[in-house]
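**Q** Using only what follows, build the 3D model:
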Amino acid sequence: MKNQMKKQIPAFLLLLFSLVATGGLYARQADSTGKTSTTTADTVKAKPEKDCQQQSIGDLFRKKETTPKPPKKFMALILPNISSNPSNGFVLGIGGTFGWYMGSRENTRVSSAPFTVAITSKKQLITFVKSNIYTKEDKFFLQGDWRFYLYSQPTYGLGTNAPDAGNLPSNFHWAGEGGSTDSLSFPMKYNYVKFSEIVNRKIVENFYVGMGYHFDDYYSIQDEKLHLDSTPPQLTPHYVYSDTNQYSTVHYILSGLSANVVYDSRDNQANPYKGIYANINYRYNLKLLGSDQDASELWMEFRTYVGLSKKKQRHLIAFWAFGDFNLTGDLPYMTLPALGGDQRARSGRGYVNGRFRGKNLVYGEAEWRFPISPCSQILGGVIFVNATTTDNPARNVALFQYIKPSVGFGIRVMINKYFRTNINLDFAIGSKSQGFYFSGQETF
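**A** Here you go, the predicted model:
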């Protein structure tokens with residue numbers, strides 16, 4: 001294991017350095033006037049500036065108008081969800097995202113709400129709406145996460161090293177859902193209700209503070225590899241953790257309040273070209289509000305976007321990092337910090353959601369985004385790297401003792417240039433794991 005990690009970490013760092021170095025090379029091509037130096041290919045294919053503005057796929061089929069119509073304040077991207085993966089079987093449903101402005105475009109940020117409704121051949125139901133809403137003049141920022149699942153998900157125990165053997169099959173993921181079942185996993189079935197709503201009030205430009213309420217209810221839990229009547233009993237990580245920390249193995253609830261601080265200078269939340277997003281969320285779960293136990297959790301997140309071209313804003317490097325920490329008390333097993341635990345369940349491309357879980361988790365990702373279409377920029381691409389580490393205090397596994405990297409690439413098709421909505425298709429390779437990802441909004 002140690003020899004393997006010694007090989008993986010330098011490769012991860014080398015790829016990250018290569019991405020940053022490539023971005024620096026493009027950035028240095030700009031002279032003091034802000035004009036980008038012209039390559040031979042640019043000279044051959046040079047076009048007037050007005051002909052090389054960002055286009056969307058619909059522009060290919062529209063006649064050019066002398067007086068373009070003003071952009072709408074509402075957008076809906078609805079896509080069929082027809083896919084298959086080992087955890088869900090055959091999946092049939094719809095998904096996508098809504099985008100809208102609650103005020104003038106000049107002083108109000110765009111709001112968005114990705115959603116999915118799907119059923120599967122394994123009698124599962126997946127429904128969610130994950131909203132980020134800015135009211136008129138950005139006075140309030142509302143963050144919502146509502147879910148109802150009749151679901152199943154493989155779990156693997158705690159710590160980034162658990163388990164670490166064999167190869168996991170390829171998976172197809174729709175907007176973070178989907179995954180694998182294999183001999184290394186401990187499959188679980190459960191029903192899940194989540195309600196999370198945070199109301200943030202703007203204090204000064206780009207800076208918000210707020211309060212939230214959060215409710216998570218896991219019930220009808222079936223731990224499929226648990227056999228207490230066998231000789232010897234066949235135990236699972238979920239059972240051992242729940243029994244040790246005095247939680248029911250079939251039903252548990254978290255209910256609590258949070259204090260939040262947000263800084264957001266992004267020019268667009270669905271597909272930013274520049275700006276910074278930072279969020280600190282301290283959540284306290286209380287028996288008084290219905291939690292099985294008192295416990296607290298801290299979420300810290302940072303994102304930034306660095307442009308590489310003045311002429312093509314779509315050419316940039318994006319960085320994302322977050323930490324999720326169980327500060328006091330003990331959280332129920334399925335609510336512990338885990339890969340895919342971010343609001344949109346998009347972290348950790350290359351691994352199934354929940355692949356790495358622990359008392360604490362730290363995650364980082366870098367993504368190079370660039371246009372492929374030379375002028376219209378309808379078609380774009382991404383190359384990304386990410387890394388995850390979790391701990392397991394019960395077995396003396398510390399954060400950063402094991403690090404799991406992943407690398408991947410993807411294609412972007414611009415659907416709506418005003419809302420910057422893309423159709424995204426990604427492929428990622430992790431440590432003995434890989435997956436395909438299809439969605440209607442950028443990962444971060």
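**Q** neighbours around the nearest residue to D342 once chain neighbours are set aside, how many?
**A** Once flanking residues are discounted, D342 sits nearest to F322: 6.7 Å by CB to CB, 6 or more residues apart in numbering. Just so you know, the C-beta spots here come from the backbone N, C-alpha and C atoms, and that holds for glycine as well. F322: 20 surrounding residues under other CB atoms under 10 Å.
**Q** Just checking: what are the partner strands of the helix or strand hosting F322?
**A** Element membership for F322 (DSSP states H and E) is strand 316-328. Note on strand 316-328: by DSSP bridges, its sheet partners are strand 295-307 (antiparallel), strand 360-371 (antiparallel).
**Q** ranking those strands by burial, who's on top?
**A** Stretch with highest mean neighbour count among those: strand 360-371 (a mean of 22; mean count of other CB atoms under 10 Å).
**Q** List the buried residues in the very next helix or strand once past that strand.
**A** Next helix or strand after strand 360-371 toward the C-terminus (DSSP H and E): strand 379-390. Buried residues in strand 379-390, counted by 16 or more other CB atoms under 10 Å: G380, V382, I383, F384, V385, N386, A387, T388, T389, T390.
**Q** Can you report how many residues lie near the residue nearest to the last one when sequence neighbours are not counted?
**A** What that stands for is T390. In this structure, T390 finds its nearest non-sequential neighbour in G358, 3.1 Å apart by CB to CB, 6+ apart. By other CB under 10 Å, 27 other residues sit near G358.
**Q** repeat for F195
**A** 15.
**Q** Could you do K310 as well?
**A** Number of residues near K310 (other CB under 10 Å) recorded here: 14.
**Q** wait, is it part of a strand?
**A** No - counting by DSSP: H, G, I helix; E, B strand; the rest coil, K310 falls outside a strand, being coil.
**Q** residue ranges of the helices in the stretch 201-350 of the chain, please?
**A** 237-244 (DSSP state H, counting those that start in this stretch).
**Q** all strands for it, in order.
**A** Along the stretch 201-350 of the chain, counting by DSSP state E, counting those that start in this stretch, strands occupy 207-223, 252-264, 275-285, 295-307, 316-328.
**Q** could you dump these to CSV with mean pLDDT and distance to V362?
**A** Compiled in CSV, the strands of the stretch 201-350 of the chain are given as follows (pLDDT from 0 to 100; distance: least, CB to CB, whole Å):
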stretch, mean pLDDT, distance to V362
strand 207-223, 96, 21
strand 252-264, 97, 19
strand 275-285, 97, 15
strand 295-307, 96, 9
strand 316-328, 97, 5
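**Q** Tell me which of these lies nearest to Y418.
**A** Comparing these by their distance to Y418 (CB to CB), the top pick is strand 275-285, with 17.9 Å.
**Q** What strands flank that closest one, and is each parallel or antiparallel?
**A** When DSSP bridges is applied, strand 275-285 pairs with strand 252-264 (antiparallel), strand 295-307 (antiparallel).
**Q** still on that earlier bit, how distant is the strand holding F322 from the center of its chain?
**A** 11 Å (CA atoms, centre = their mean, to the nearest Å).
**Q** Give me the residue at the spatial middle of this structure.
**A** R346 (2.1 Å; CA atoms, centre = their mean).
**Q** Is it correct that that residue is in contact with G440?
**A** No - in this structure R346 lies outside contact range of G440 using CB atoms under 8 Å: 11.8 Å.
**Q** Go through stretch 400-414 and flag the buried ones.
**A** Result for stretch 400-414 [16+ other CB under 10 Å]: buried residues Y402, I403, K404, P405, S406, V407, G408, G410, R412, V413, M414.
**Q** mind listing which of the residues you listed are in strands?
**A** Counted as lying in strands by DSSP state E, out of the buried residues of stretch 400-414, are K404, P405, S406, V407, G408, G410, R412, V413, M414.
**Q** could you redo those as a markdown table and give each row distance to F61 and pLDDT?
**A** Formatted as a markdown table, these follow (distance: CB to CB, whole Å; pLDDT from 0 to 100):
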| residue | distance to F61 | pLDDT |
| --- | --- | --- |
| K404 | 44 | 95 |
| P405 | 41 | 95 |
| S406 | 37 | 95 |
| V407 | 36 | 96 |
| G408 | 31 | 95 |
| G410 | 24 | 95 |
| R412 | 19 | 93 |
| V413 | 14 | 91 |
| M414 | 14 | 89 |
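**Q** List just the nearest of those to F140.
**A** For those, the nearest to F140 is M414 (29.4 Å; CB to CB).
**Q** who does G212 bridge with?
**A** As for beta bridges, G212 partners with I198, S258 under DSSP bridges.
**Q** Look up how far Y239 lies from it.
**A** 31 Å (CB to CB, to the nearest Å).
**Q** Check the offset of stretch 154-164 from the chain's centre.
**A** Stretch 154-164 sits 20 Å away from the centroid of its parent chain (CA atoms, centre = their mean).
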